[in-house]
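Novice: Attaching a predicted model along with its sequence, questions to come.
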Amino acid sequence: MTIEQYQNTFIQNNFADRIGGSNYGKDTAIYKFEKIKRAKAQAKKDFPDVELIDLGVGEPDEMADAGIVAKLAEEAAKPENRGYADNGIAEFKQAAAHYLNEVFSVEGIDPETEVLHSIGSKPALAMLPSCFINPGDVTIMTVPGYPVMGTHTKYLGGEVYNVELKKENNFLPDLNSIPADIAKRAKLFYLNYPNNPTGASATVEFFTEVVAWAKKHDVVIVHDAPYAALTYDGLKPLSFLSVPGAKDVGVELHSLSKSYNMTGWRIGFIAGNPLVVKAFGDVKDNNDSGQFIAIQKAAAYGLYNPQITEKIAAKYSRRHEMLVAALNELGFQAEKPKGSFFLYVEAPKGIKGGARFQSGEDFSQFLIREKLISSVPWDDAGHFVRFSVTFIASGEEDEKRVISEIKRRLSDVEFEF
């Protein structure tokens, strides 16, 4: 039977309201990433001989370090590593605590009670609301941003309050803008720095303000930090947990996906407040049986060798500089971020004597359809597009070629801002 035929059976009426109930699957709205996917497919079909330059993908373009891969192979061959990992092995937790101290100067993390592994950050974000959210409770999210924790808050009957990240505030949330009644009902506050998609970095002063705000309003802070070690131009990697009092109010999530080119490996960790970590562990224990022990041991090898990330960061820094220079020569007002591999720029209003762009999505669709350059639009707080410097290129000379080609394709029009 087809999907349409099954929609006329009892199954259609049995779906939970949280995913659409009896109307599940009938919504004709198209998610923006699906629009991008379709536009890319059509562009490839229309111009089969033209290279599609993908600046939209949010994952590294290279393999994990050879030492990490070798460690995986070594550990995968050991029979003692074949079984369930449950809530993780001591070796990985110790490596995580060491990593926080060595890279971020976070002292005093107890690997036994204040660290647990996760199968990447996404599942951790999905599980944390189950620790705290009852119907009517509030999770504060930032927009634009990564929505997973908010989605699961709604699944549990909670509410989401969005705080906009605006250019005039350096893409940091204005804590004073949060209404008193929201702060009173809020249980969780999600932050993410260096930020996806804006590339903005937090400061010690901002995190200090966050800790004071959380203590005042009894709100748990969840800092999602997958890009924390990818910083540039002398900016030292900053952990929320390095700020005095942070462990009293929250936790931080780290992932090896972006900082170690290990997206498909699905490994990360939560660290911080021991009671939050314990609750996460209880929920996690009812969701998964742990990541493969060999992957945890390979990840531990990576955490003890942060120079791997430093090399990756140098590559992204170089690419950022080239892309920013090229865009600014075309009239954009691009500014190299201090962290992450994302470049967030305001979309032009249109083309002189030609098309008008009413949104970031309009501009993004123009780029892929007309120029075969893929990007991600963000219209949550102004009209922006996100470029990623994780495009495919084999070495510095090829990077220069890609950037030169981007500039060439966009040079035949004059953008209006």
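Specialist: Structure's in. What do you need? Because the structure is predicted, anything quoted here is derived from the model rather than measured.

Novice: was I right about residue 288 contacting residue 123?
Specialist: Yes: contact criterion C-beta atoms under 8 Å: residue 288 and residue 123 qualify, at 7.1 Å. Yep, even glycine has a C-beta here, placed from its N, CA and C like the rest.

Novice: now for the host helix or strand of residue 212, which elements pack on it?
Specialist: Following DSSP states H and E, one finds residue 212 within helix 204-217. When contacts are defined as 3 or more C-beta pairs under 8 Å, 6 or more residues apart in numbering; DSSP states H and E, helix 204-217 packs onto helix 180-185, strand 186-192, strand 220-224, helix 246-249.

Novice: Of those, which is nearest residue 262?
Specialist: Nearest to residue 262 among these is strand 220-224 (16.6 Å), distances taken as C-beta to C-beta.

Novice: wait, isn't residue 413 in contact with residue 351?
Specialist: Yes: assessed by C-beta under 8 Å, residue 413 is found in contact with residue 351 at 4.8 Å.

Novice: which one's the longest helix in this structure?
Specialist: Counting residues, the longest helix found in the chain (DSSP state H) is helix 307-329.

Novice: So in that sheet, which strands flank the very next helix or strand once past that helix, and in what orientation?
Specialist: Per DSSP H and E, the first helix or strand lying C-terminal to helix 307-329 is strand 342-346. Here strand 342-346 has these sheet partners by DSSP bridges: strand 384-388 (antiparallel).

Novice: Pull the residues that contact the helix or strand following the strand it pairs with.
Specialist: Later in the chain than strand 384-388, the nearest helix or strand by DSSP H and E is helix 396-410. Identification of contacts with helix 396-410 by C-beta atoms under 8 Å, 6 or more residues apart in numbering yields 51, 53, 55, 318-319, 322-323, 326, 329-330, 371-373, 391-393.

Novice: What subset of those is buried?
Specialist: Burial by neighbour count, 16 or more other C-beta atoms under 10 Å: within the contacts of helix 396-410 this picks out 53, 55, 319, 322-323, 326, 371-373, 391, 393.

Novice: okay, these in a markdown table with distance to residue 88 and pLDDT next?
Specialist: Formatted as a markdown table, the buried ones among the contacts of helix 396-410 follow (distance: C-beta to C-beta, whole Å; pLDDT from 0 to 100):
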| residue | distance to residue 88 | pLDDT |
| --- | --- | --- |
| 53 | 40 | 97 |
| 55 | 36 | 97 |
| 319 | 34 | 98 |
| 322 | 40 | 98 |
| 323 | 38 | 98 |
| 326 | 44 | 98 |
| 371 | 46 | 96 |
| 372 | 44 | 97 |
| 373 | 41 | 97 |
| 391 | 34 | 97 |
| 393 | 36 | 97 |
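
Novice: Residue 153 and residue 134 touch, don't they?
Specialist: No: look at residue 153 against residue 134 with C-beta under 8 Å: they stay out of range, at 10.5 Å.

Novice: more neighbours, these two?
Specialist: Between residue 153 and residue 134, residue 153 has the larger neighbour count (other C-beta atoms under 10 Å), namely 27 against 10.

Novice: which ones are touching that one?
Specialist: Residue 153 neighbours (C-beta under 8 Å, 6+ apart): 129, 133, 137-139, 159-160, 188.

Novice: Then residue 269?
Specialist: 92-93, 96, 115-118, 253-254.

Novice: what number of residues lie near the residue nearest to it when sequence neighbours are not counted?
Specialist: Closest residue to residue 269 apart from its sequence neighbours, by C-beta to C-beta, 6 or more residues apart in numbering: residue 96 at 4.6 Å. Other residues near residue 96 come to 26 when the count uses other C-beta under 10 Å.

Novice: which parts of the host helix or strand of residue 96 are buried?
Specialist: Assigned by DSSP H and E, residue 96 belongs to helix 90-104. Across helix 90-104, burial judged by 16+ other C-beta under 10 Å covers 92-100, 103-104.

Novice: Which other helices and strands does that helix contact?
Specialist: Packing contacts for helix 90-104, counted by 3+ C-beta pairs under 8 Å, 6+ apart, involve strand 115-118, strand 250-255, strand 268-272, helix 293-303.

Novice: Now do the end-to-end distance for stretch 285-300.
Specialist: Stretch 285-300 stretches 21 Å from its first residue to its last (C-alpha to C-alpha, to the nearest Å).

Novice: Spit out the contact partners of the residue nearest the centre of the chain.
Specialist: Closest to where the C-alpha atoms of the chain average out (C-alpha atoms, centre = their mean) is residue 196, at 5.2 Å. Counting by C-beta under 8 Å, 6+ apart, residue 196 touches 58, 145-146, 226-227, 340, 342.

Novice: is it true that it lies in a helix?
Specialist: No: according to DSSP: H, G, I helix; E, B strand; the rest coil, residue 196 belongs to no helix; its state is coil.

Novice: any residues touching stretch 226-239, and which ones?
Specialist: Outside stretch 226-239, the residues within contact range by C-beta under 8 Å, 6+ apart are 100, 103-106, 121, 193-196, 201-204, 207, 225, 252-255, 257-259, 268, 306, 309, 312-313, 316-317, 320, 336-341.

Novice: Could you write me a PyMOL select line covering just the buried ones among those?
Specialist: The PyMOL selection below is limited to those of those classed as buried (16+ other C-beta under 10 Å):
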select buried, resi 100+103+104+106+121+193+194+195+196+201+202+207+225+252+253+254+255+257+258+259+268+306+309+312+313+316+317+320+337+338+339+340+341
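
Novice: Name the nearest residue to residue 374, ignoring sequence neighbours.
Specialist: Leaving aside its chain neighbours, residue 374 sits nearest to residue 56 (4.1 Å; criterion: C-beta to C-beta, 6+ apart).
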